[in-house]
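K.L.:
A predicted structure for the sequence below; I have some questions about it.
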2 protein chains.
Amino acid sequence: MTAPDPPGPPPSPSPSHPSTSIPPARGFALTLELIPDGTVTSAKGFIAGAVAAGIKDPASDRLDLGLLAADRPCTAVGMFTQSTVQGAPVVVSRRHLAGRRARGLIVNSGCANVCTGMQGIADAEEMAALAAARLGCPATEVVVASTGVIGRLLPMERIRAALPRIQLSPEGGMALAHAIMTTDTRPKHIAARFAVEGVTYTVGGIAKGAGMIHPDMATMFGFLTTDAPVPPEHLDDLLRSAVRDTFNMISVDHDTSTSDTVTLFASGAAGGPPLTPAHPAWAPLAQAVLAVCRHLAREIARDGEGATKLIEVRITGAASEEEARRAARTVSASPLVKAAVYGNDPNWGRIMMAVGRSGARVDLERVKVMIGDVVLYADGAPLPLDEERTRAALRGPEVVLAADLGVGSASAVAWGCDLTEEYVKINAEYTT
Amino acid sequence: MTAPDPPGPPPSPSPSHPSTSIPPARGFALTLELIPDGTVTSAKGFIAGAVAAGIKDPASDRLDLGLLAADRPCTAVGMFTQSTVQGAPVVVSRRHLAGRRARGLIVNSGCANVCTGMQGIADAEEMAALAAARLGCPATEVVVASTGVIGRLLPMERIRAALPRIQLSPEGGMALAHAIMTTDTRPKHIAARFAVEGVTYTVGGIAKGAGMIHPDMATMFGFLTTDAPVPPEHLDDLLRSAVRDTFNMISVDHDTSTSDTVTLFASGAAGGPPLTPAHPAWAPLAQAVLAVCRHLAREIARDGEGATKLIEVRITGAASEEEARRAARTVSASPLVKAAVYGNDPNWGRIMMAVGRSGARVDLERVKVMIGDVVLYADGAPLPLDEERTRAALRGPEVVLAADLGVGSASAVAWGCDLTEEYVKINAEYTT
């Protein structure tokens, strides 16, 4: 059923992962430092940990129950699946985050607690209460998230027994990143750091994806933290804007999960006055949140079930931003495009098929279609196919498909992965 | 690249296919006789034929160019893809059918003539002109349809050379059904016959599908004929209503073709006065058109690329007909549902996931989910899983998935197929 997962405690961060810098964005002079080994505990004030509770498999030592805690009450916001069928943890967490205040997060993999009726709600509430007792806060300040099979009750006795064994530490974010994995082949994590006026701010995050990935207003799991002090309404804007351009622009299989949950906690432990759009640290903070979300989103697409390649779709020349997004997502989600990329097949007509299906307006006399840097259609006609060059552009681990629709100036980028026999194998026998 | 296709002339109709009857529908006493070996030439007044023109492969003797002709001018209507990227034949055929009058149809497989610029339009117009010269009618009375790879010009010299070799006959419908196949593994054809007030009416049709199947207002190829005399506006109603409940309710891979074309020609050769909704033969005629379209639609889903099973999704208890249709289509198109059916995996949570993603309203306290006749979720909670019985319900060549959403009285049925490794293999190397 599942892809390999390192047993027991995760490996410690590799010293061969140096920090990298990305150049300053327009409008402010800043070096945003990306921390590849960073996680949700890289920001000051957060600790985490995880254990093997036997939810995935009673006999396994795979991590499947984790806790994230802040050393003080945080402002906190969340975005959740737009599905009309929502898991019990989503119902409970929406309610708990209504006050935009949280102290911790309890999460498990191996069972999604969805379509489980009133017992499922009671179980999600008990998970929050157990975590709250451990953290010394009201249950309403705990977010609950569960991922895995739909339609099964949680093994609550195992969760009750395992929770006290979780060891919380500032290094525990990596264990938490492992504990949320299902068919993911590797953990997804990153942090970004910058300094403004002598204060150093950090944004960190972890995520899980792999299958049932086609987010609609939210996504799979993405848990983010920052030590910046941010008032709740501004924190919400920050998260919504980043999710729109990152998690909401990925697709593995066009199926939307019942459990999609993204949260952002702000502890304020970095110190200094509250950050609002007027503060000089606001723009870099927004850029850091965007960079963390984009990295995690791309990692989810790259690690899609059975995938061998990350696909980046760039749409330009669209009539509106909405049409650009729709076209980019439709191309990145098309099973025929994805299968062609898997086979290194220069079947660019499928890109145009998917653009057409999206409903985005096009001017066929001005459209330009590219695979990598090879132009395949322009000026109203197909170009002679340089098959070897096009196949070469399809062969790498990251493939760029681009289309200029020729009708306007709006653009969007979306990410997906190729479709392989392995995806079918993984999903033909998932529950058994 | 392609699935097997019988070379050369198709086998003659098997005598082991007896005619079957279906019981009279409510509101009129009638026996509708289904003719399994029937085709588009079963209705009086139509002849057809096909040749191997070398469009699919110059060295092959696979049929790939065909003609359908009526012995008199017909009323004729068509429905076409809603994609914003439409093939040249779609552009030309829309124009030719504006007058709701046609004499014939020319169709090829192996090249879709899409994204081919002004040359593509000129080629589609020349195909119509060549066929019109052969049939002795204006070019505007010929429908043109092409299917196959997108983004390549038609080999017009081969079409010009092959067209005179087509032999037209009242038995030629089966050759035409073969000539429109691409990755289809078998031809799709049927006819239905009934008598009212001493006049016998016939409706026949052929179709092709296999991949890029998720029709939106029309479908892949479906060519229908009847010898009933029907005025144009009523013929249009008849086709739209049947397509809504049949071709528009199937999905193979969620991708919509640039070339979708369904046409219905009415020759009037059966005789009698014009059929309108006031005529006693109107209701049986509508039922016959629906039966022919439903058979062809189901055959397309059953023969989806790589498929081993037909999936029928029945949604009841929806808040509106639109939501019922949306839920049924989303379940039937979900890659995760399709992969689970392939693996006989009783993962019914994915049915609920897909219903939720569709946006259809549900009452989770009243929802009922079934695989075959096994109830898996009811009264707000999952039932203990009878795994062996559920797997048995998944094992046959036709699998029924059903959900009552518990909020209203609207219902809909959709069809799809399972997702197999073979789908990926076929589509990873389609053009080469």
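P.N.:
Cool, the structure landed. As the structure is a prediction and not an experimental result, all values here were calculated from the model. Numbers count the residues shown, from 1 in each chain, chains lettered A, B, ... in the order given.
K.L.:
A:Gly304 belongs to a strand?
P.N.:
No: counting by DSSP: H, G, I helix; E, B strand; the rest coil, A:Gly304 falls outside a strand, being coil.
K.L.:
let me know whether it touches A:Val252 as I believe.
P.N.:
Yes: the criterion here is C-beta atoms under 8 Å, and A:Gly304 meets it with A:Val252 at 3.7 Å. Quick note: C-beta positions are derived from backbone N, CA and C, even for glycine.
K.L.:
identify the contacts common to these two.
P.N.:
Shared contacts of A:Gly304 and A:Val252, defined by C-beta atoms under 8 Å, 6 or more residues apart in numbering or on different chains, comprise A:209-211, A:213, A:416-417.
K.L.:
of those, which is the nearest to chain B?
P.N.:
Closest approach to chain B among the shared contacts of A:Gly304 and A:Val252 (C-beta to the nearest C-beta): A:Gly211, at 6.9 Å.
K.L.:
and the closest one, what does it touch?
P.N.:
By C-beta under 8 Å, 6+ apart, the neighbours of A:Gly211 are A:182-183, A:252-253, A:255, A:304-305, A:423, A:426-427, B:336.
K.L.:
mind naming the longest strand for chain A?
P.N.:
strand A:65-80 (DSSP state E).
K.L.:
quick one: buried residues of that strand?
P.N.:
A:65-70, A:74-80 (16 or more other C-beta atoms under 10 Å in any protein chain shown).
K.L.:
out of these, what pair is the most spread apart?
P.N.:
By the measure C-beta to C-beta, A:Leu65 and A:Thr75 form the most distant pair in those, at 25.9 Å.
K.L.:
got the residues of the stretch 51-200 of chain A near chain B?
P.N.:
By C-beta under 8 Å from any C-beta of the partner chain, the part of the stretch 51-200 of chain A that sits against chain B consists of A:81-86, A:112, A:114-119, A:149-153.
K.L.:
redo that, cut-off 7 Å
P.N.:
Listed as neighbours of chain B in the stretch 51-200 of chain A under the rule C-beta under 7 Å from any C-beta of the partner chain: A:83-85, A:114-119, A:149-152.
K.L.:
please produce CSV containing these, extended by pLDDT, neighbour count and secondary structure.
P.N.:
Converted to CSV, these look like this (pLDDT from 0 to 100; neighbours: other C-beta atoms under 10 Å in any protein chain shown; DSSP: H, G, I helix; E, B strand; the rest coil):
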residue, pLDDT, neighbour count, secondary structure
A:Ser83, 82, 27, coil
A:Thr84, 82, 19, coil
A:Val85, 82, 25, coil
A:Val114, 89, 30, coil
A:Cys115, 85, 28, coil
A:Thr116, 88, 27, coil
A:Gly117, 86, 16, helix
A:Met118, 90, 12, helix
A:Gln119, 93, 16, helix
A:Val149, 85, 18, strand
A:Ile150, 85, 28, coil
A:Gly151, 85, 27, coil
A:Arg152, 88, 19, coil
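K.L.:
what's the first helix or strand after the lowest-mean-pLDDT helix or strand in chain A?
P.N.:
In chain A, the helix or strand scored least confidently by mean pLDDT, DSSP states H and E is strand A:20-22, which has a mean of 45. Next helix or strand after strand A:20-22 toward the C-terminus (DSSP states H and E): strand A:32-35.
K.L.:
CA atoms only for that following strand, dumped as CSV, please.
P.N.:
Once non-C-alpha atoms are left out, strand A:32-35 reads as follows in CSV (Å, rounded to 0.1, in the frame of the first residue of the first chain):
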residue,chain,number,x,y,z
LEU,A,32,16.0,36.1,2.8
GLU,A,33,18.0,33.2,4.1
LEU,A,34,16.5,29.8,3.3
ILE,A,35,17.2,27.0,5.8
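K.L.:
toward the C-terminus, what is the element adjacent to it?
P.N.:
strand A:46-51.
K.L.:
between strand A:65-80 and that next one, find me the angle.
P.N.:
On the basis of axes from the mean of the first three to the mean of the last three C-alpha atoms, to 10 degrees, strand A:46-51 is oriented at 120 degrees to strand A:65-80.
K.L.:
quick one: list the elements packing against strand A:46-51.
P.N.:
strand A:65-80, helix A:173-179 (3 or more C-beta pairs under 7 Å, 6 or more residues apart in numbering or on different chains; DSSP states H and E).
K.L.:
can you do 10 Å?
P.N.:
Under the contact criterion of 3 or more C-beta pairs under 10 Å, 6 or more residues apart in numbering or on different chains; DSSP states H and E, strand A:46-51 touches strand A:65-80, strand A:101-111, helix A:156-162, helix A:173-179, strand A:199-208, strand A:221-226.
K.L.:
report the angle between the longest one and strand A:101-111.
P.N.:
Going back to what we said before, that points to strand A:65-80. Calculated by the same axes, to 10 degrees, strand A:65-80 forms an angle of 110 degrees with strand A:101-111.
K.L.:
in JSON lines, list the residues of the stretch 51-200 of chain A next to chain B along with distance to A:Ala161.
P.N.:
Shown next, in JSON lines, are these (distance: C-beta to C-beta, whole Å):
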{"residue": "A:Ser83", "distance to A:Ala161": "32"}
{"residue": "A:Thr84", "distance to A:Ala161": "35"}
{"residue": "A:Val85", "distance to A:Ala161": "30"}
{"residue": "A:Val114", "distance to A:Ala161": "23"}
{"residue": "A:Cys115", "distance to A:Ala161": "25"}
{"residue": "A:Thr116", "distance to A:Ala161": "20"}
{"residue": "A:Gly117", "distance to A:Ala161": "24"}
{"residue": "A:Met118", "distance to A:Ala161": "24"}
{"residue": "A:Gln119", "distance to A:Ala161": "19"}
{"residue": "A:Val149", "distance to A:Ala161": "21"}
{"residue": "A:Ile150", "distance to A:Ala161": "24"}
{"residue": "A:Gly151", "distance to A:Ala161": "24"}
{"residue": "A:Arg152", "distance to A:Ala161": "18"}
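K.L.:
partners of the residue nearest to A:Pro280 when sequence neighbours are not counted in the sheet?
P.N.:
Spatial nearest neighbour of A:Pro280, chain neighbours left out: A:Val196 (5.5 Å); criterion: C-beta to C-beta, 6 or more residues apart in numbering or on different chains. Under the criterion DSSP bridges, A:Val196 forms beta bridges with A:Val199.
K.L.:
pLDDT score for A:Val196?
P.N.:
For A:Val196, the model assigns a pLDDT of 90.
K.L.:
in the stretch 101-250 of chain A, which residue sits closest to chain B?
P.N.:
Residue of the stretch 101-250 of chain A nearest chain B, by C-beta to the nearest C-beta: A:Ile150 (2.4 Å).
K.L.:
looks like A:Ile315 contacts A:Ala327 (just checking).
P.N.:
Yes: judged on C-beta atoms under 10 Å, A:Ile315 makes contact with A:Ala327 at a distance of 4.7 Å.
K.L.:
domains in chain A, by residue range?
P.N.:
Using automatic domain parsing, the domains assigned to chain A come out as A:20-302, A:310-428.
K.L.:
could you point out which of the ones you listed sits nearest B:Leu32?
P.N.:
That would be domain A:310-428 among those, by C-beta to C-beta, at 35.2 Å.
K.L.:
show me how far the closest one is from its chain's centre.
P.N.:
22 Å (C-alpha atoms, centre = their mean, to the nearest Å).
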